[in-house]
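[1] I need the structure of the sequence given here:
(one chain, ligands or ions: 1)
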Amino acid sequence: MGDAFTTRYFNACLLIEAEGTRVLIDAPPALARALGDLGERGGERVGLDDIDHVVVTHLHGDHVGGLEQLLFWRRFVTGRKAALYAIPEVLAGLWETRLKGGMEILMNERFESQTLTLEDYADVLPLGPGGTAIGPLLVDFRRTLHHIPTSALRIRGRASSFAYSADTAFDPALIAWLGEADLFFHETNLGIHTPLASLAALPETTRRKMRLIHYPDFHSVEESPIECAREGQRYDLG
Ligand SMILES: [Zn+2]
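    Alright, predicted model coming up:
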């Protein structure tokens, strides 16, 4: 639940399970280890094979640095493509600016080089207006105030919904949009991120639905004015 510079936590990501469909929201570095850690904490054992859908909020390394690991694993070990979703502006840069350098050329067993594209590794699906269905879930997005194109997400299941701010500056309109869900995760950090004080000043009805994520290492989880999401924590939304 940590930020880009954390030495205490894994980088922020969320794993959703709904009626047998698993969706990973962002794929941070050390993804396999983060998933293994979930199992160590008493959760279900989920590996890179078990995640068929990945939604990427934006291209900063702490949000996509584990994609190469996931896609390589599935190509070499299971041979099953994952489905990758993001807003078109994010998809436009994903291969060229994040993945191509390490993934474009593969050698076969005769040491002949082959040239691949992102589509050889994954089914690439833009998040569109009006919602994108992933299994029983409907995924909506809204752009946030961040250095590079970034989407917040609102995800509706049959009985409940949750939302995720992704990285953003303080944006009351975004918070109103997120707050339409039953529960939402909101970032807080320094610089152009959302100051904790801005979130702490929100009405109690909003704060009650909010869980902090992407908080700095120095943030006191125990004494936080807004409840913090913790690693390995499970939310059963019914
Ligand atoms: Zn970011």
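[2] where does this protein come near the ion, residue by residue?
    Taking C-beta under 5 Å from the ion, the part of the chain that reaches the ion is made up of 60, 167. In this view, the C-beta of every residue, glycine as well, is placed from N, C-alpha and C.
[3] next one: the least confident helix or strand in the chain by mean pLDDT to chain centre, how far?
    Using mean pLDDT, DSSP states H and E, the weakest-scoring helix or strand in the chain turns out to be helix 31-40, at a mean of 85. Centre-to-centre, helix 31-40 and its host chain are 15 Å apart (C-alpha atoms, centre = their mean, to the nearest Å).
[4] now swap in stretch 140-152 and tell me
    For stretch 140-152 - counting by C-alpha atoms, centre = their mean - the centre lies 12 Å from the chain centre.
[5] can you check stretch 222-231 too?
    19 Å.
[6] first-to-last residue distance for it?
    14 Å (C-alpha to C-alpha, to the nearest Å).
[7] buried residues, it. List them.
    226, 228-229 (16 or more other C-beta atoms under 10 Å).
[8] the very next helix or strand once past the least confident helix or strand of the chain pairs with which strands?
    Proceeding N to C from helix 31-40, the next assigned helix or strand is strand 53-55, under DSSP states H and E. Looking at strand 53-55 with DSSP bridges, its partner strands are strand 21-25 (parallel), strand 82-86 (parallel).
[9] pull the last one out as PDB, backbone CA atoms only.
    So that's strand 82-86. Output in PDB follows, covering the C-alpha atoms of strand 82-86 (Å, rounded to 0.1, in the frame of the first residue of the first chain):
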ATOM      1  CA  ALA A  82      -3.700 -12.000 -20.100                       C
ATOM      2  CA  ALA A  83      -6.100  -9.200 -21.000                       C
ATOM      3  CA  LEU A  84      -4.700  -5.700 -20.400                       C
ATOM      4  CA  TYR A  85      -7.000  -2.700 -20.000                       C
ATOM      5  CA  ALA A  86      -6.300   1.000 -19.800                       C
END
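[10] thinking again about what came up before, next, the angle strand 21-25 makes with the least confident helix or strand of the chain.
    With axes from the mean of the first three to the mean of the last three C-alpha atoms, to 10 degrees applied, the angle from helix 31-40 to strand 21-25 works out at 120 degrees.
[11] check which helices and strands helix 31-40 is in contact with.
    helix 67-73 (3 or more C-beta pairs under 8 Å, 6 or more residues apart in numbering; DSSP states H and E).
[12] which members of the buried residues of stretch 222-231 occur in helices, if any?
    The members of the buried residues of stretch 222-231 all map outside helices under DSSP state H.
[13] what sits up against stretch 101-113?
    Identification of contacts with stretch 101-113 by C-beta atoms under 8 Å, 6 or more residues apart in numbering yields 68, 71-72, 114-118, 121.
[14] ditto for stretch 62-70
    By C-beta under 8 Å, 6+ apart, stretch 62-70 touches 3-4, 11-13, 26-32, 34, 48, 51, 54, 56-58, 82, 84, 94, 98-99, 102-103, 166-167.
[15] now the residues you listed: which count as buried?
    Counted by 16+ other C-beta under 10 Å, the contacts of stretch 62-70 give 3-4, 11-13, 26-29, 31, 34, 48, 51, 54, 56-58, 82, 84, 94, 98-99, 103, 166-167 as buried.
[16] distance of Val46 from Ile105?
    Distance from Val46 to Ile105, counting by C-beta to C-beta, to the nearest Å: 30 Å.
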